[in-house]
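In: Got a sequence here, can you build the structure:
(chains A, B, C and D)
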Number of protein chains: 2
Amino acid sequence: MPRPTKQAPERGDARSRLLEAARDVIRQKGFTATTVDDLCKAAGVTKGAYFHHFDSKEALGVAVANYWSETTGALFENAPYHRPANPLDRVLAYIDFRKSLIAGDLAEFTCLVGTMAQETYISHPAIRDACAASILGHAETLEADIAAAMDARALTPGWTPKDLAHHIQAVIQGAFILAKATDSPASAQSSLDHLSRYIRLLLAAPRPKV
Amino acid sequence: MPRPTKQAPERGDARSRLLEAARDVIRQKGFTATTVDDLCKAAGVTKGAYFHHFDSKEALGVAVANYWSETTGALFENAPYHRPANPLDRVLAYIDFRKSLIAGDLAEFTCLVGTMAQETYISHPAIRDACAASILGHAETLEADIAAAMDARALTPGWTPKDLAHHIQAVIQGAFILAKATDSPASAQSSLDHLSRYIRLLLAAPRPKV
DNA sequence: GAATACATACCAACTGTATGGTATGTGAGT
DNA sequence: ACTCACATACCATACAGTTGGTATGTATTC
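Out: So this is what the prediction gives:
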């Protein structure tokens, strides 16, 4: 357990542990139902440590959304779906990759910021904005490949790469809701199959079998 | 103000008002952040009345999910999207209808049971099940039209009408999340456009323009 | 058809506990 | 000497749920 130093104040053990605990507990119980005491217990720290690092519960919400952006950003950046030479194949590989992440407990693969956005969109605009930045920032990483796939087919449709990237995120978020409601990942997987099929129908040059 | 009777115990004024208040307040604040006092204040009744009609907060959650099923069920049953003779047109008209409902404040057009499912899927299985029944029951009303549209093209794909109906609901739920995160209905509308395009690409006989 | 007995709808005041947040202290690194 | 990371003990409030009551309807008995 690294002791925190002035040089690396973000590395303080308690802070990291609280963020990890928040990520896990909030995905199970939701933001509002998660109490500060829950987080302290899960992180193995005291309330003093908590309020040393975070001014309020809302501040933790913002921080954990940013933490989510950073960690998932690194995960996707280093994921293998960027390998295919063809941009459309990269987009499809992205969806396959998302599908492969749907495994284990619901709370382990569903999206923290999608959950928090629903709960806080009116009551905590600061958290909502951090969630939006996380989702939209991630969507942005898909735009170049979508644009390239459109160029390859010389498409100039009534929608933009950004539109489609956002739609992809919407489908993923919706798939998680269905999974939670049905207490099963099956419908989420199926939704991603439909999404993949849509992308192929839209962007694949030789029309594939449906 | 109708006085309740033994013959119509469900007609008690306080109960209805509490359900309406719950529908509205929970869509704004979420289930957990909505307190019993909030609901009593919004409904103009006392806590005594509340706990006379609902054994617990969880019981109200189940009741309001069922209330949502009933009221939205009636709304969709009487909506004009059933009119087209062609089943595919009915499915597309359904999506147009859903799109037309996206207007006004976010809390007025987003889905109560989608919101509640996210918050309660672990902590309150009874509520989650009522939410699942609401979403899946609604999805079921689309299956016949989807099946008929498939028959019309003699399709036998790797997906079922039920799959696609669930996917449609997933897209709608996800569209609501993006709308809340971005604090704007625009991306939700756009996602429904993509959904409509997918259905046409899948099920329309003469391939339309993308 | 009046008296009785019970059920239902609702109200006002209260309770034990959990909550987010604070005040103050301590001890190690610089 | 001083700051920073964290701990302990505490507080005011808000929370879900309870208690004990009133008023009004309904079913039963004679």
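In: CA only for contacts and neighbour counts going forward, please
Out: OK.
In: Just the CA atoms of the strand or helix carrying residue A:115, as CSV, please.
Out: Element membership of residue A:115, judged by DSSP states H and E, is helix A:112-120. Provided in CSV are the C-alpha atoms of helix A:112-120 (Å, rounded to 0.1, in the frame of the first residue of the first chain):
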residue,chain,number,x,y,z
LEU,A,112,-21.5,3.5,-14.2
VAL,A,113,-22.1,6.8,-15.9
GLY,A,114,-25.3,5.7,-17.7
THR,A,115,-26.7,4.7,-14.3
MET,A,116,-25.7,7.9,-12.6
ALA,A,117,-26.9,10.1,-15.4
GLN,A,118,-30.5,8.8,-14.9
GLU,A,119,-30.4,9.5,-11.2
THR,A,120,-28.8,12.9,-11.3
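In: Run through who's touching that helix.
Out: A:23, A:26-27, A:30-32, A:65, A:68, A:127-128, A:131-132, A:134-135, A:173, B:29-30, B:115, B:118-119, B:177, B:180-181 (C-alpha atoms under 8 Å, 6 or more residues apart in numbering or on different chains).
In: nearest residue to residue A:185 other than its sequence neighbours?
Out: Spatial nearest neighbour of residue A:185, excluding adjacent residues (C-alpha to C-alpha, 6 or more residues apart in numbering or on different chains): residue A:179 at 5.0 Å.
In: any idea how far the one you found is from DNA strand C?
Out: 26 Å (C-alpha to the nearest atom of the strand, to the nearest Å).
In: Is it correct that that residue is in contact with residue A:191?
Out: No: using C-alpha atoms under 8 Å, residue A:179 is not in contact with residue A:191, being 10.1 Å away.
In: now for the longest helix along chain A, which elements pack on it?
Out: Secondary structure of chain A per DSSP state H: the longest helix is helix A:125-152. Secondary-structure packing of helix A:125-152 (3 or more C-alpha pairs under 8 Å, 6 or more residues apart in numbering or on different chains; DSSP states H and E): helix A:57-77, helix A:87-101, helix A:112-120, helix A:161-182, helix B:161-182.
In: buried ones in that helix?
Out: Residues of helix A:125-152 classed as buried by neighbour count (16 or more other C-alpha atoms under 10 Å in any protein chain shown): A:125-136, A:138-139, A:142-143, A:145-147, A:149-150.
In: now that helix against helix B:161-182, angle please.
Out: Orientation check (axes from the mean of the first three to the mean of the last three C-alpha atoms, to 10 degrees): helix A:125-152 against helix B:161-182 gives 120 degrees.
In: separation between the nearest residue to residue A:144 once chain neighbours are set aside and residue B:129?
Out: Nearest non-adjacent residue to residue A:144, counting by C-alpha to C-alpha, 6+ apart: residue A:161, 7.7 Å away. Applying C-alpha to C-alpha, to the nearest Å, the value for residue A:161 to residue B:129 is 37 Å.
In: again with residue A:82
Out: Taking C-alpha to C-alpha, one finds residue A:82 at 39 Å from residue B:129.
In: Test for you: state the pLDDT assigned to the residue nearest to the spatial centre of chain A.
Out: Nearest to the mean C-alpha position of chain A, by C-alpha atoms, centre = their mean, lies residue A:111 at 4.9 Å. pLDDT for residue A:111: 98.
In: Does it touch residue A:26 like I think?
Out: No: shown here, residue A:111 and residue A:26 do not form a contact pair, counting by C-alpha under 8 Å, at 10.2 Å.
In: one step back: the longest helix of chain A and DNA strand C, are they touching?
Out: No: Helix A:125-152 stays clear of DNA strand C (C-alpha under 7 Å from any atom of the strand), getting no nearer than 13.4 Å.
In: angle of that helix against helix A:87-101?
Out: Using the same axes, to 10 degrees: helix A:125-152 against helix A:87-101 is 140 degrees.
In: got the angle between helix A:125-152 and helix A:57-77?
Out: Using the same axes, to 10 degrees: helix A:125-152 against helix A:57-77 is 20 degrees.
In: count of neighbours near residue A:96?
Out: 16 (other C-alpha atoms under 10 Å in any protein chain shown).
In: for residue A:105, same thing?
Out: 12.
In: swap in residue A:31?
Out: 25.
In: Can you give me the distance of the residue nearest to it when sequence neighbours are not counted to DNA strand C?
Out: Leaving aside its chain neighbours, residue A:31 sits nearest to residue A:116 (6.1 Å; criterion: C-alpha to C-alpha, 6+ apart). Computed as C-alpha to the nearest atom of the strand, the residue A:116 to DNA strand C distance reads 14 Å.
In: got a pLDDT number for residue A:116?
Out: 97.
In: can you check residue A:210 too?
Out: At residue A:210, pLDDT is 48.
In: swap in residue A:4?
Out: 44.
In: same for the helix or strand encompassing residue A:201, what does it pack against?
Out: Assigned by DSSP H and E, residue A:201 falls within helix A:186-203. For helix A:186-203, the elements it packs on are helix A:87-101, helix A:161-182, helix B:161-182, helix B:186-203, judged by 3+ C-alpha pairs under 8 Å, 6+ apart.
In: Please identify the buried residues of the next helix or strand after the shortest one?
Out: The reference is to helix A:87-101. For helix A:87-101, the following helix or strand on the C-terminal side (DSSP H and E) is helix A:106-109. Of all the residues in helix A:106-109, those buried under the rule 16+ other C-alpha under 10 Å are A:106, A:107, A:109.
In: For chain B, what's the nearest residue on chain A?
Out: residue A:174 (3.6 Å; C-alpha to the nearest C-alpha).
In: residues near residue A:44, how many?
Out: 13.
In: Fine by me, thanks again.
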